[in-house]
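Novice: structure, please.
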Amino acid sequence: MPELPEVEVTRRSFAADIQGATVLAAIPGKPLRWPLGIAPEELVGRRVQGVRRRGKYLLLHLDRGLLLMHLGMSGSLRFARTLPPAGTHDHFDLVTNLGTLRLHDPRRFGAVVWAAGEDDARAAKLLGNLGMEPLDEAAFDLGVFLAGLRASRMPVKQLLLAGRLVVGVGNIYASEALFLAGIRPTTPAAAIGPVRARRLHAAIRQVLQRSVDRGGTTLRDFSSADGSAGHFQTETRVYGREGQPCGDCGTPIRQLRQGQRSTFYCPRCQRA
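Specialist: Next up is the predicted model:
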């Protein structure tokens, strides 16, 4: 699943190129997770004012309303002056005078939803319960983070994945951040003291920013809107390395299951 770094990489790969574009056509394909919420022809003539990200949602701000786009489990976007005819797994084309933005999603868990604004009920339903933005230094408040850990009895990795305290720390990045902070994934969040909690706060920002810098993680088929693959997967410290020696202490990396997800950790470096 594309996580926060992949969505941010995608945003950066086309945001500047589509800004100021005029919509010429909106062409839905097979139904996605939620309906578009507007007749496609009503988008014609609107101008793209910019592209933001909130969690794993991309927000295309138009001069009237906005489009919220989510990549789901397997989705990706392409933006180019010319694209080949839409294929079986291409489910939405936003055709503009500067190029076409296309959502490709083999599993159809992605979404394109129109809303009148961020305070519209449709947008509020999707964005209202999202946690803090970890790549925004001002928004990722340390005090709020510490309080959120103290208030939860959940295993810390499960709390990070839930997205209500901090958004975008997906499975790969939670494993990596917990390794950097020296915290075992099964540790109850409330049992993490302030010193280690500060290390985790810093590690989350470090891991996510590094992934953005490396173009995201491409395990199967992720690529940005210009077709570039990510490279963060080549430098993970624990994720996907079961049985391999820890780069810090040499102890074999272990794997366990948490909530149907694979978790990787070093039993020596992450003792508690």
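Novice: residue 155 bridge partners, please.
Specialist: For residue 155, the beta-bridge partners are residue 188 (DSSP bridges).
Novice: on the pLDDT front, check it for me.
Specialist: Listed pLDDT for residue 155 reads 97.
Novice: what's around it, how many residues?
Specialist: Neighbours of residue 155 under the rule other Cβ atoms under 10 Å: 19. C-beta coordinates here come from the backbone N, C-alpha and C atoms, glycine included.
Novice: relative to residue 123, how far out is it?
Specialist: The spacing between residue 155 and residue 123, counted by Cβ to Cβ, to the nearest Å, is 31 Å.
Novice: repeat for residue 86
Specialist: Distance from residue 86 to residue 123, by Cβ to Cβ: 27 Å.
Novice: neighbour count winner among the two?
Specialist: residue 123 (21 against 16).
Novice: for the more buried one, list the residues it contacts.
Specialist: For residue 123, the contact set (Cβ atoms under 8 Å, 6 or more residues apart in numbering) comprises 66, 68, 113, 115, 117.
Novice: out of those residues, which one has the lowest pLDDT?
Specialist: Lowest in pLDDT among these is residue 117, which has 94.
Novice: quick one, what contacts that residue?
Specialist: By Cβ under 8 Å, 6+ apart, the contact list for residue 117 reads 65-66, 123.
Novice: just checking, which of the residues you listed belong to helices?
Specialist: residue 123 (DSSP state H).
Novice: domain parsing for this structure?
Specialist: Listed by automatic domain parsing, the domain ranges of the chain are 4-127, 142-265.
Novice: how long is the first one end to end?
Specialist: End-to-end distance of domain 4-127 (Cα to Cα, to the nearest Å): 14 Å.
Novice: return the distance of that domain from the chain's centre.
Specialist: 15 Å (Cα atoms, centre = their mean, to the nearest Å).
Novice: adjust the sequence numbering to begin at 46 for everything that follows.
Specialist: Will do, 46 is the new start, and the previous item becomes domain 49-172.
Novice: coming back round to it: closest to residue 77 among the contacts of residue 168?
Specialist: residue 158 (8.9 Å; Cβ to Cβ).
Novice: that closest one sits in which helix or strand?
Specialist: Secondary structure assigned from DSSP states H and E places residue 158 in strand 156-160.
Novice: again with residue 140
Specialist: strand 135-141.
Novice: I'd like the next helix or strand past that strand.
Specialist: Assigned by DSSP H and E, the successor of strand 135-141 is strand 144-149.
Novice: export the domains of the chain to JSON lines and tack on distance to residue 179?
Specialist: Converted to JSON lines, these look like this (distance: least, Cβ to Cβ, whole Å):
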{"stretch": "domain 49-172", "distance to residue 179": "7"}
{"stretch": "domain 187-310", "distance to residue 179": "5"}
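Novice: wait, which of the ones you listed is closest to residue 317?
Specialist: domain 187-310 (5.7 Å).
Novice: endpoint to endpoint, the closest one covers what distance?
Specialist: Start-to-end, domain 187-310 (Cα to Cα) is 24 Å.
Novice: show me what contacts residue 248?
Specialist: 221-223, 225-226.
Novice: helix, strand or coil for it?
Specialist: helix (DSSP: H, G, I helix; E, B strand; the rest coil).
Novice: per-residue confidence at it?
Specialist: pLDDT at residue 248 comes out at 98.
Novice: residue 215 is in contact with residue 49, isn't it?
Specialist: Yes - taking contacts as Cβ atoms under 8 Å, residue 215 lies within contact range of residue 49: 7.0 Å.
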